[in-house]
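Chemist: one predicted model, sequence on top.
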Amino acid sequence: MGIWYNIFYQMEKGEKMRRLLFSLLIVFILSTYVSAQIEYVGFTLPEDESSENLYNLEPYYFLHYFYIDVLYFFGLLDQLDLHTKAEIFAKIFNNIGEGYPAGITVKFADQDEPLHVSYRVFANESSALVFMTTNFDFKNEEFLERYTLDCYVRIYNVFGDKLVNEYYLFSEEKEELYKANLNNLADLYIFDERVENDHLVEGLLLKYINSDPSLVSKFVGHLTFAQYYMLINDPEKARERLAEAEVLFANLEEKDKEDWGLPLVITKEEAQIIAQVKGALPQGENGSNE
């Protein structure tokens, strides 16, 4: 996938900081300021709490951004079990709207202020956006009492049933650039706003996997395939691709395993949650990380 595909390192203040590219979205690994024990997780929801997909959005896009922009960014992947992650996702996803923010509050034992993450829709006659705001101050790496303009935010554009962040908005320049790597081109087509190029994804990934001899490349291609099948509501094929990825992962060099273990875990968890959301799993089958 474009997920975590380009991994590079830079030296900053004499220490090595890893930068990872997840679905071609650059995410910086921050300090382990949220590694402390979680005291509680709470919800901010409208009074008329919903259990429906009010905007008819494809759930995988929201789930994927939630994993990268919240769970990964704030170091919550190992702190929350899969059942809790699925519950948070469902409550927020089914309650995002224009009238009232939907979000979570996470209190860490070593932080005076809890983390607040809120989602809200802003729409007019021609367009709609989903704003994710937090109270995390980038400059000081701390949680503030309230949101300021210096805080970490994300903006997602709504196109039909798609959520698209600014990085993935289609352009011919991006398309030409990504042609150098068919996996990245397929990743662009999966996450951009243009439905007319979605049918090209499968062919691109098959060509990529069959033509690149690198085990890492084949592994990454199968992860991207799993994402694609989650989106087109084919959980069985998604599981098959993840099984192929796990076989390849077992044969990677140890250094590659260190780099790619987390993307594999995340994609597997996403597949379990999406399968339940789309009715492919019996209730409760995704209640563990196994």
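Modeler: Looks like it arrived, so ask away. Residues are numbered from 1 along each chain as shown.
Chemist: how's the protein carved up into domains?
Modeler: 33-168, 170-290 (automatic domain parsing).
Chemist: hmm, who's touching the helix or strand where F62 lies?
Modeler: F62 belongs to helix 59-66 when assigned by DSSP states H and E. For helix 59-66, the external contacting residues (Cβ atoms under 8 Å, 6 or more residues apart in numbering) are 23, 53, 88-89, 92-93, 132, 154, 156, 162-165, 191, 227, 230-231, 270, 273-274, 277-278. In short, each C-beta sits where N, CA and C put it, glycine included.
Chemist: repeat the analysis, applying 7 Å as the threshold.
Modeler: For helix 59-66, contacts defined as Cβ atoms under 7 Å, 6 or more residues apart in numbering pick out 23, 53, 89, 93, 154, 156, 162-163, 165, 230-231, 270, 273-274, 277.
Chemist: ok, and the closest non-adjacent residue to L182?
Modeler: Distances taken as Cβ to Cβ, 6 or more residues apart in numbering place Y208 nearest to L182, at 3.9 Å, with adjacent residues excluded.
Chemist: what pLDDT does the most centrally placed residue in the chain get?
Modeler: With distances taken as Cα atoms, centre = their mean, H64 lies nearest the centre of the chain, 2.7 Å away. Looking at H64, its pLDDT stands at 96.
Chemist: over to the one 3 residues further on?
Modeler: In the predicted model, Y67 carries a pLDDT score of 96.
Chemist: that one: neighbour count?
Modeler: 21 (other Cβ atoms under 10 Å).
Chemist: if we can go back for a sec, pull the most distant pair out of the contacts of helix 59-66.
Modeler: S23 and N53 (21.8 Å; Cβ to Cβ).
Chemist: among those two, which residue is more densely surrounded?
Modeler: Legend: neighbour count by other Cβ under 10 Å for S23 and N53, higher for S23 (24 against 16).
Chemist: mind listing what's buried along stretch 154-169?
Modeler: Within stretch 154-169, the residues scored as buried using 16 or more other Cβ atoms under 10 Å are R154, Y156, N157, V158, F159, K162, L163, V164, N165, Y168.
Chemist: for the nearest residue to the first one once chain neighbours are set aside, what are phi and psi?
Modeler: Going back to what we said before, that points to R154. Using Cβ to Cβ, 6+ apart and skipping the chain neighbours, the partner closest in space to R154 is M132 (4.2 Å). Note on M132: backbone dihedrals following degrees, to the nearest 10 are phi -110, psi 120.
Chemist: report the contact partners of M132.
Modeler: D69, V117, Y119, V153, R154.
Chemist: what's the helix or strand for L264?
Modeler: Going by DSSP H and E, L264 is part of helix 254-277.
Chemist: which strands and helices sit next to that helix?
Modeler: helix 59-66, helix 82-93, helix 215-231, helix 235-250 (3 or more Cβ pairs under 7 Å, 6 or more residues apart in numbering; DSSP states H and E).
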